[in-house]
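Q: missing the sequence, but the structure's below:
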């Protein structure tokens, strides 16, 4: 089976993890801050806070921005459920903005219309979470303009997008947002097995997120209520969580970051090859905007809705591990119970009915890609 995504683990990655296992630290040692510096320096952000998952990072980011009961968070329905769930963890409410039919990212036009209506109704969002689907940036210039006009905060869900660019800057520099979130799940661009990171240019937000990821506990006397009682002393100053990343994960991440440009370049080579090989097929290939350089986490194609299941099953039977990204969040039973219905976000629903993610990962060979294309050609012509 050719998987839709797969981690690439090199000998140097294994050596980095083994060296950590032989060190004095498995948690809260030097590897985590080293990984944070490597990523923040690479993308051009001032601060980075590593955590045990991107979901944890989203949760903590929302809390750091003050999201709570009575507030609204808006995001795209075409994303993993964590992009919406993070609001519910804070006691806030969730709404969605339909997607652009070409990029599959959050539609700026739909966002502006929805904001204008919400302003009249007195229910503007506190936070908007644009999702850089498949690794391609949303139109962050326009979103940042709307954030200033309607006074909301922005968290970029860039779980797919480390290594991607927008307007000649690397995604993660937070030029257009308050916080950016990366994921290091095994099928992502670089991996720490499980892991995530929040980046920001705001020192106060970074300090708040660092506090919340570790039980809300500090050993810094300057942050304590009253004087320290001694070198052993710590205080819990907020209600935090155990969202810490381990030293082994961080060591793996540092090693993986040495190859990030090679990984993204190979993904682009494969995407260009798909574009050429699929050009004569009755499918819709992913569109790239001139302002974005995608990290190409995913390569989704669209087939006629009536044929999608048959094409999907044919590919699986041929040993091609295709997948679908994503089932619209508002159609999940949990969210339907909150009042969302089929028909609420027609572009998202149309995309879901037609989408199939083809295999794409750096170690994928041209021969494997030819096998995928040959199987797809048979499936769509059946």
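A: All right, it came through fine. Predicted model, so just to flag it, every value in this text is computed and none were measured. Numbering: from 1, shown residues only.
Q: Which parts of the protein are helices?
A: Along the chain, counting by DSSP state H, helices occupy 11-21, 31-43, 54-64, 82-89, 108-121, 140-150, 203-212, 247-257, 260-277, 308-317, 333-336, 346-354, 366-381.
Q: Just give the nearest non-adjacent residue to the residue nearest the centre of the chain, would you?
A: Nearest to the geometric centre of the chain sits residue 159, at 1.6 Å (Cα atoms, centre = their mean). Counting by Cβ to Cβ, 6 or more residues apart in numbering, the nearest residue to residue 159 once its immediate chain neighbours are dropped is residue 183, at 3.6 Å. Bear in mind the C-beta positions are built from the backbone N, C-alpha and C, glycine included.
Q: got a list of what that neighbour touches?
A: By Cβ atoms under 8 Å, 6 or more residues apart in numbering, the contact list for residue 183 reads 53-54, 159-160, 195-196.
Q: Residue 233 too?
A: Residues in contact with residue 233, defined by Cβ under 8 Å, 6+ apart, are 219, 224.
Q: how much space between it and residue 224?
A: The gap separating residue 233 from residue 224 is 8 Å, by Cβ to Cβ, to the nearest Å.
Q: ditto for residue 290
A: 51 Å.
Q: The two: who's more crowded?
A: Ranked by neighbour count (other Cβ atoms under 10 Å), residue 290 and residue 224 place residue 224 first, with 15 against 6.
Q: Chain neighbours aside, what residue packs nearest to the more buried one?
A: Counting by Cβ to Cβ, 6+ apart, residue 224 lies nearest to residue 235, which is 4.9 Å off, once chain neighbours are set aside.
Q: Quick one: residues contacting the one you found.
A: 217-218, 223-225.
Q: Of the helices of the chain, which is nearest residue 73?
A: helix 82-89 (3.6 Å; Cβ to Cβ).
Q: Quick one, grab the pLDDT at the residue nearest to residue 224.
A: The predicted structure scores residue 235 at 95 on the pLDDT scale.
Q: Contact partners for residue 327?
A: residue 352.
Q: now with 6 Å?
A: Going by Cβ atoms under 6 Å, 6 or more residues apart in numbering, residue 327 touches no other residue.
Q: per-residue pLDDT, it?
A: In the prediction, the pLDDT value recorded for residue 327 is 98.
Q: Same list (the helices of the chain) but as a markdown table, adding mean pLDDT, mean neighbour count and distance to residue 130.
A: Compiled in a markdown table, the helices of the chain are given as follows (pLDDT from 0 to 100; neighbours: other Cβ atoms under 10 Å; distance: least, Cβ to Cβ, whole Å):
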| stretch | mean pLDDT | mean neighbour count | distance to residue 130 |
| --- | --- | --- | --- |
| helix 11-21 | 98 | 15 | 31 |
| helix 31-43 | 98 | 20 | 17 |
| helix 54-64 | 98 | 27 | 13 |
| helix 82-89 | 98 | 23 | 9 |
| helix 108-121 | 98 | 15 | 9 |
| helix 140-150 | 98 | 17 | 6 |
| helix 203-212 | 98 | 20 | 18 |
| helix 247-257 | 98 | 24 | 24 |
| helix 260-277 | 98 | 17 | 20 |
| helix 308-317 | 98 | 16 | 26 |
| helix 333-336 | 98 | 13 | 19 |
| helix 346-354 | 98 | 19 | 14 |
| helix 366-381 | 97 | 16 | 30 |
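Q: May I ask you to confirm that residue 178 is in contact with residue 153?
A: Yes: under the contact definition of Cβ atoms under 6 Å, residue 178 touches residue 153, with a separation of 4.9 Å.
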